[in-house]
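S.K.: I would like to see how this sequence folds:
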Amino acid sequence: MTRFKEKTVLVTGAASGIGLATARRFLDEGARVVMLDNDEAKLKDAAGGLPQERVLVHVGDTADKATATAAVQATVERFGGLDILINNAGVATEGDIMNTSEEDFERVMAVNVGGYFHMAKAAMPELVKTRGAIVMTSSVSGLGGDWELFAYNTSKGAVSNMVRAMAMDAAKDGVRVNAVNPSFTDTGMTQDMMAKPELIAEFKKRMPLGAPEDPEGIAAAMAFLASEDARLITGVNLPVDAGLRASNGQPHQ
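M.R.: Below you'll find the model as predicted:
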């Protein structure tokens, strides 16, 4: 498919996991892609085998407003505009409220919420020009709670409602805003979970289509929400969770 030919996409957290899979998906569909991450070595390695004439690498921390401003400016200078923003960069820390330090809480909120705010605000003037779209990575943890993930759950709950509020305001300018809400996905952030067969078995009991999810499957859903095929969809938190939320919570008989 070439749904994104002549379109420009900016992907945050693009050095690995869902971000890298999403960057590759848009490139496969003809887009020009700006890959933004704070890990310079990993980002350059990830981008090395991609079509360089359609790729721009930008290094920075999305929690910093200056990164967002510079990334959008670099995008416009290189490719002439911006059509799609993929807000994906994120961090997590474990612990309940008693075991979550102020520093950890503030960092999670700064990246997962503040970073999405900075990127969307910097990108919006360009997206208005192109009547573009924003797709954010929220989580099933933004639709319901987890044990021992207080800061992460708080941040993703904020993202899920940020999407709704932003979608309502941006619709008048023809900009759509949606989110994907994955469950347990095989990424760098979940490698400790991937090393626990008993935990994977428990997820498989709750996810009818199987666990863990693959980043490419999440990227496919993002591409759909960013495409003209989803032109009437905005303000949606789409569970891409292998059927996790289809259950009412009762155990398998």
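S.K.: Can you tell me the closest non-neighbouring residue to E228?
M.R.: R3 (6.9 Å; CB to CB, 6 or more residues apart in numbering). For glycine as for every other residue, the C-beta is placed from the backbone atoms N, C-alpha and C.
S.K.: Show me what the top helix by length along the chain is packed up against.
M.R.: Longest helix in the chain by number of residues (criterion: DSSP state H): helix 150-170. Applying 3 or more CB pairs under 8 Å, 6 or more residues apart in numbering; DSSP states H and E, we find helix 150-170 packed against helix 102-109, helix 115-130, strand 133-137, strand 176-182, strand 237-240.
S.K.: picking that back up, if I read this right, the residue nearest to E228 contacts F26, doesn't it?
M.R.: No - counting by CB atoms under 8 Å, R3 does not reach F26; the two are 9.1 Å apart.
S.K.: Mutual contacts of these two, please.
M.R.: Contact with both R3 and F26 is made by residues A223, according to CB atoms under 8 Å, 6 or more residues apart in numbering.
S.K.: More neighbours: which of these two?
M.R.: F26 (25 against 15; other CB atoms under 10 Å).
S.K.: Now do the same for the more buried one: its pLDDT.
M.R.: If you check F26, the pLDDT there is 98.
S.K.: quick one, strands of the chain?
M.R.: Using DSSP state E, the strands of the chain run over 8-12, 32-37, 55-59, 84-87, 133-137, 176-182, 237-240.
S.K.: List the strands paired with the longest one, with their directions.
M.R.: The one in question is strand 176-182. For strand 176-182, the paired strands and their directions (DSSP bridges) are strand 133-137 (parallel), strand 237-240 (parallel).
S.K.: so which of those comes closest to D192?
M.R.: Closest to D192 of the strands paired with strand 176-182, according to CB to CB: strand 133-137, at 19.4 Å.
S.K.: between the closest one and helix 150-170, how big is the angle?
M.R.: Angle of strand 133-137 versus helix 150-170, following axes from the mean of the first three to the mean of the last three CA atoms, to 10 degrees, is 170 degrees.
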